[in-house]
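Undergrad: Sequence and predicted structure are below.
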Amino acid sequence: MTNNSVTIAQGTRHKAQGTRPLLSVIIPVYNVEKYLNKCIQSIVNQTYTNLEIILVNDGSIDSSPAICEEWAKRDSRVRVIHKENGGAGDSRNAALDTVKSPLIGIVDSDDYILPDMYEKLYNAMIENDADMSICSFSRVDANDNPLPRKRIMPESHCKVVSREEALNTFTKPPYYSEYELLWTKLYKSEIFKGIRFPKGNKHDDTATIHRIIGACNKIVLLNESLYVHRVHDKSVMGILRQKYFDIHEFHDRKFIYQDRYNYFMSINKIDLAKKEIIYAYGFIIANLPKVNYLQYRRDISPFMFDTIRKLIKSGNFKNYLRIVKLALMCLRSIFRPYLHEEQTK
C-alpha cells in the first residue's frame, strides 16, 4: 500500500454470518488516500460480518485506486468499480445498479464507523419491522480531533416513526439534519427501486432523501452516535463553509427545491410543498447579496418569479405578506452591491 496504510487485520476472508442477510456497503472514492484505509478498516471490522463492500473509484488521480485494489486482494468481501469522475451521486448510482442484496449501507470514504454500527441498525430494523434505521453521528476534524455537535435525536433510546411523521419532521430544524444524511442509515434495498441520485449535485443526499423516506412505511431512530463524520478543507461541508454560494450552488439548490415541491404535490402533501416554496424564497434572500445578480439574472430571475407565482397560487393570506417582503428584500439584495459600489467611488 502507501505510506498512509494501516495494519489490516489477519483472517479477513469471512464466512456468512449465520442466517443474516447480505448487506452491501457503498463507498464512493475520490482522492481520499489520507483517510481511505481507516474508512475501509472500520467496515471490515464490523461485528455484522455478512458484508459486500463496494468501493467505487470515481476517477481518482491519487493512490486511492491502488488502495482499493489492495483491499480487494486481502478481503473477498471487497469489490472495486472504476469509473470516470461524475461525483458522489453518480458513484452511488453505479453501485446501486449492481446491488442484489436485501440491505444497503452508504459510507463516505473520508469518514469511518463504529464496529457495531450495522449490528445495532440491523437489530433495530428487525425488532421494529422497519424499512430504514437511523443512528446519530459525531464529528471530527482532519486529525481526528472531536468537533462539537449538539445532540438532537429523540431522548428515548429508540423511536419508531411512520412515513407520515418522518416526512413532516425531516423538513423541520433541528431534525432535518438527522434525516437528510445518507450515511447514518441502513436501508432495505427495495427502497431504491426507481430512485437514483442526481449526477453532479453536491447535495445528492438532500436532493433524494424525501423520495427515500416516501418509499418507507416505518423508520426507526437510534439515539446513539455510531457514525463519525470528518470535516476538512476538501470535504463537501468544509468547502461550503469556506464559500457557500456560487452559481453552481444555486443550480444544485434550485433542483432540490423544485424536485421536492413536485414530489410533495404528486403525493398530495400540499403543506410540505408550500414549505419548500418558503425555503426557496429564503434561499434567494440569503444568497443574492453574495452573487453578481446582473451577471446571472437569466439563471436566477425565472426561479425567483416562479417562487413568487407559487406563493400567490398557494392562496394563504400570510403568503401575500411574504410576497411583499420577498419583493422588497430581493430588490434590496439585487441593488445593494451596486449602490455600495457607487458610494465608494
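TA: Perfect, thanks for sending it.
Undergrad: Send me the host helix or strand of Tyr227 as PDB with only the CA atoms.
TA: Using DSSP states H and E, Tyr227 sits within strand 218-230. Included here for strand 218-230 are C-alpha records, laid out as PDB according to Å, rounded to 0.1, in the frame of the first residue of the first chain:
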ATOM      1  CA  LYS A 218     -41.800   2.700   9.000                       C
ATOM      2  CA  ILE A 219     -38.500   4.100  10.200                       C
ATOM      3  CA  VAL A 220     -36.600   3.600  13.500                       C
ATOM      4  CA  LEU A 221     -34.200   6.100  15.000                       C
ATOM      5  CA  LEU A 222     -31.500   5.200  17.500                       C
ATOM      6  CA  ASN A 223     -30.300   7.900  19.900                       C
ATOM      7  CA  GLU A 224     -26.700   6.700  19.700                       C
ATOM      8  CA  SER A 225     -23.700   8.100  17.700                       C
ATOM      9  CA  LEU A 226     -22.300   5.300  15.700                       C
ATOM     10  CA  TYR A 227     -21.000   7.200  12.700                       C
ATOM     11  CA  VAL A 228     -18.000   9.500  12.700                       C
ATOM     12  CA  HIS A 229     -18.200  12.300  10.100                       C
ATOM     13  CA  ARG A 230     -14.900  14.000   9.200                       C
END
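Undergrad: And stretch 90-107, what's buried?
TA: Within stretch 90-107, the residues that count as buried by 16 or more other C-beta atoms under 10 Å are 90-96, 99, 103-107. Placement of C-beta: from N, CA and C, glycine included.
Undergrad: Counting neighbours, what do you get for Leu22?
TA: Residues lying near Leu22 (other C-beta atoms under 10 Å) number 16.
Undergrad: leaving aside the residues next to it on the chain, what's closest to it?
TA: Of all residues not flanking Leu22 in the chain, Ser101 sits nearest, at 3.9 Å (C-beta to C-beta, 6 or more residues apart in numbering).
Undergrad: Can you give me every residue that contacts that neighbour?
TA: Contacts here follow C-beta atoms under 8 Å, 6 or more residues apart in numbering; on that basis Ser101 touches 21-24, 52, 189.
Undergrad: Of those residues, which is the most crowded?
TA: Neighbour max across those (other C-beta under 10 Å) = Leu23, 26 neighbours.
Undergrad: quick one: that residue from Ile61, how far?
TA: Going from Leu23 to Ile61 by C-beta to C-beta, to the nearest Å gives 30 Å.
Undergrad: give me the beta-bridge partners of Lys83?
TA: Asp58 (DSSP bridges).
Undergrad: Tell me how many other residues crowd it.
TA: With other C-beta under 10 Å as criterion, Lys83 counts 15.
Undergrad: now Ala130
TA: There are 21 residues near Ala130, going by other C-beta under 10 Å.
Undergrad: cool, Phe250 as well?
TA: 20.
Undergrad: show me what contacts it?
TA: Applying C-beta under 8 Å, 6+ apart, the residues contacting Phe250 are 287, 291, 296, 299-300, 303.
Undergrad: Could you point out the helix or strand that follows the helix or strand hosting it?
TA: If you go by DSSP H and E, Phe250 is part of helix 247-266. Sequence-wise, the next helix or strand downstream of helix 247-266 (DSSP H and E) is helix 270-287.
Undergrad: Report the angle between that next one and helix 247-266.
TA: 170 degrees (axes from the mean of the first three to the mean of the last three C-alpha atoms, to 10 degrees).
Undergrad: so what does the next helix or strand after helix 270-287 touch, helix or strand wise?
TA: Heading C-terminal from helix 270-287, the first helix or strand you meet, by DSSP H and E, is helix 293-313. Packing partners of helix 293-313 (3 or more C-beta pairs under 8 Å, 6 or more residues apart in numbering; DSSP states H and E): helix 247-266, helix 270-287, helix 317-343.
Undergrad: center of this structure, which residue is that?
TA: When the chain is reduced to its mean C-alpha position, the closest residue under C-alpha atoms, centre = their mean turns out to be Asp205, at 2.9 Å.
Undergrad: residue ranges of the helices in the stretch 51-200 of the chain, please?
TA: 64-74, 88-96, 117-127, 163-169, 176-180 (DSSP state H, counting those that start in this stretch).
Undergrad: would JSON lines of these with mean pLDDT and distance to Arg139 be doable?
TA: Formatted as JSON lines, the helices of the stretch 51-200 of the chain follow (pLDDT from 0 to 100; distance: least, C-beta to C-beta, whole Å):
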{"stretch": "helix 64-74", "mean pLDDT": "98", "distance to Arg139": "23"}
{"stretch": "helix 88-96", "mean pLDDT": "97", "distance to Arg139": "18"}
{"stretch": "helix 117-127", "mean pLDDT": "98", "distance to Arg139": "16"}
{"stretch": "helix 163-169", "mean pLDDT": "92", "distance to Arg139": "22"}
{"stretch": "helix 176-180", "mean pLDDT": "74", "distance to Arg139": "11"}
